[in-house]
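In: Here is a sequence together with a model predicted from it:
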Amino acid sequence: MTYPQSNAALSARPVPFEIPLDAPRSGVIHVRHRHTDRFTVVGNHLAQHPRLSAAAIGLCVYIQSLPDGADVTVKTLTLRFREGEITIRRALNELVAAGYVERRRVALGGGRFATRTLSYDKPGCGTRSRRSPAAPEAVQAESAESEAEPVPVVAPDPGPRPVPPQSSALRGPAADILARLRTVDSRLSLSWREVLRLAPGVEEWLARAASPEQVLRTLTAALPPAHVPIHHPGRFVEFRLSALQPPPLAAVPPPSVTDGPAPLVNCDGCDRAFRSHDPDADCGDCRAAA
C-alpha cells in the first residue's frame, strides 16, 4: 500500500523567542530589533518622564514621528485616536506645560494672525543666543573690552507707578455699590480703576429712579455656580449694567390731574353746580342748548 505525498512547501511557523539563561529572574525582558527605516528616536527624558501622563507621553511620541507640516489640531488628533477630545486637550496642555509643545501666535499681515504649533524633541533644544555678524576689528575690540575693567550697568528708571486716586474720588453711591460687590461674592472684586470706569454706568441707573439695593441685587443675582470662576469681573459687571439697564420713568402728570376729583364750579347760564377744572366752563345742558 502506497501513501500519497505532497510536494507543497511546509508552512513557516514562527519560532518562539527563547529566554536566555542570563536573563533577569523578574521584570521585563527586551527583544531588540535594529530598525533601518521608518523609526523615531525618542529620549528617555520623555519616555520616562516622571510627571507626564501616559496619554501625554504617547501623544508626544506620535507628534514627534510626524513630518513637518502635519496637522496636529485637537480635532485631527481626536479623529486619529480613541481618546476623547477632553483627554487629547488635557494631554496637549501637559506637553505645553512641560515644554515639549509650544503654541505661538504669528502675524500674517493685514491684521490677521495664525497659531503655529512647535514640537521640541527636548524642551529648550531650539533656544540659543543669536549674535549679529561683526567685522574682525569689532570682534578684536570686543575681546579687548572684555579684558578691561567691567563697567557697572545701571538699571533704567521704570518711571512713576500709577498712584490710586484720593479716597474722595472713590466715594459716592455709585462707587459704594461697586465696592460692595466683593462682599456679596468674592469673584466680583473690582480694582479702583474699574470702579472709576464703571461708576458712570451705575449713576445712570440711579438717575432712572433705581435704588442702590436694586442695582446691587441686579448685579449679583443669578451668578455662575461657585466652582466656575469669573475671569474678568469688570467686563461682567459692565455687561450687566448695559444689558439690564431699566428704561427711564415717564414724566409725572400735573398735581391737579392726580390729586382727587375736579372742584365744583357754578354754571354762568343756569347757576347749576358741576365739577370742572375750568372755572369759566358751562354745564352740559347749557352747552347742548347753545
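Out: Cool, the structure landed. Numbers count the residues shown, from 1 in each chain.
In: which residues touch Asn266?
Out: 272-273 (CB atoms under 8 Å, 6 or more residues apart in numbering). In this view, the C-beta of every residue, glycine as well, is placed from N, C-alpha and C.
In: Give me the phi and psi for it.
Out: With angles defined as degrees, to the nearest 10, Asn266 sits at phi -100, psi 140.
In: heads up, I number from 51, so please use that
Out: Yes, from this point I'll number from 51; that puts the last item at Asn316.
In: ok, what's across the strand from it?
Out: Beta-bridge pairing of Asn316 under DSSP bridges involves Ala323.
In: what's the pLDDT at it?
Out: At Asn316, the model reports a pLDDT of 84.
In: Pro329 versus that one, what's the distance?
Out: 9 Å (CB to CB, to the nearest Å).
In: again with Ala120
Out: Noted for Ala120: a distance of 94 Å to Pro329, by CB to CB.
In: Show me which of the two is the more surrounded one.
Out: With neighbours defined as other CB atoms under 10 Å, Ala120 and Pro329 compare such that Ala120 has more, 12 against 8.
In: separation between the more buried one and Thr128?
Out: According to CB to CB, Ala120 and Thr128 sit 15 Å apart.
In: cool, Arg267 as well?
Out: Arg267 is 44 Å from Thr128, where distance means CB to CB.
In: show me the contacts for Leu165.
Out: For the record, residue 165 is Thr, not Leu. Thr165 sits in contact with 153-156, where contact means CB under 8 Å, 6+ apart.
In: and it, that one's in a strand?
Out: Yes: assignment of Thr165 by DSSP: H, G, I helix; E, B strand; the rest coil places it within a strand.
In: pLDDT weak spots in this structure?
Out: Within the chain, the stretches with pLDDT under 70 are 51-62, 178-220, 302-310.
In: What's the first helix or strand after the helix of greatest length in the chain?
Out: Longest helix in the chain by number of residues (criterion: DSSP state H): helix 242-257. Per DSSP states H and E, the first helix or strand lying C-terminal to helix 242-257 is helix 262-270.
In: Show me what that next one is packed up against.
Out: Here helix 262-270 touches helix 223-229, helix 231-234, helix 242-257, helix 283-293, going by 3 or more CB pairs under 8 Å, 6 or more residues apart in numbering; DSSP states H and E.
In: can you put these in CSV and add mean neighbour count and distance to Ala105?
Out: Shown next, in CSV, are the helices and strands packed on helix 262-270 (neighbours: other CB atoms under 10 Å; distance: least, CB to CB, whole Å):
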stretch, mean neighbour count, distance to Ala105
helix 223-229, 20, 45
helix 231-234, 15, 39
helix 242-257, 17, 40
helix 283-293, 15, 34
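In: now for those helices, which one comes closest to Thr167?
Out: Evaluated over the helices and strands packed on helix 262-270, closeness to Thr167 peaks at helix 283-293, with 29.2 Å, by CB to CB.
In: How far off centre is the closest one?
Out: Centre-to-centre, helix 283-293 and its host chain are 16 Å apart (CA atoms, centre = their mean, to the nearest Å).
In: could you say what helices and strands it packs with?
Out: Checked by 3+ CB pairs under 8 Å, 6+ apart, helix 283-293 has helix 242-257, helix 262-270 packed alongside it.
In: Now with 6 Å, please.
Out: helix 242-257 (3 or more CB pairs under 6 Å, 6 or more residues apart in numbering; DSSP states H and E).
In: Now do the helix it packs on against helix 262-270: the angle between them, please.
Out: Here helix 242-257 runs at an angle of 120 degrees relative to helix 262-270 (axes from the mean of the first three to the mean of the last three CA atoms, to 10 degrees).
In: how far is helix 242-257 from where the chain is centred?
Out: Centre-to-centre, helix 242-257 and its host chain are 25 Å apart (CA atoms, centre = their mean).
In: swap in stretch 290-300?
Out: For stretch 290-300, the distance to the chain centre is 28 Å (CA atoms, centre = their mean).
In: now do the same end-to-end measure for that stretch.
Out: 23 Å (CA to CA, to the nearest Å).
In: need the strands for the chain, in chain order.
Out: Shown for the chain, the strands assigned by DSSP state E span residues 151-159, 162-169, 314-316, 323-325.
In: Right, I'll call it a day here.
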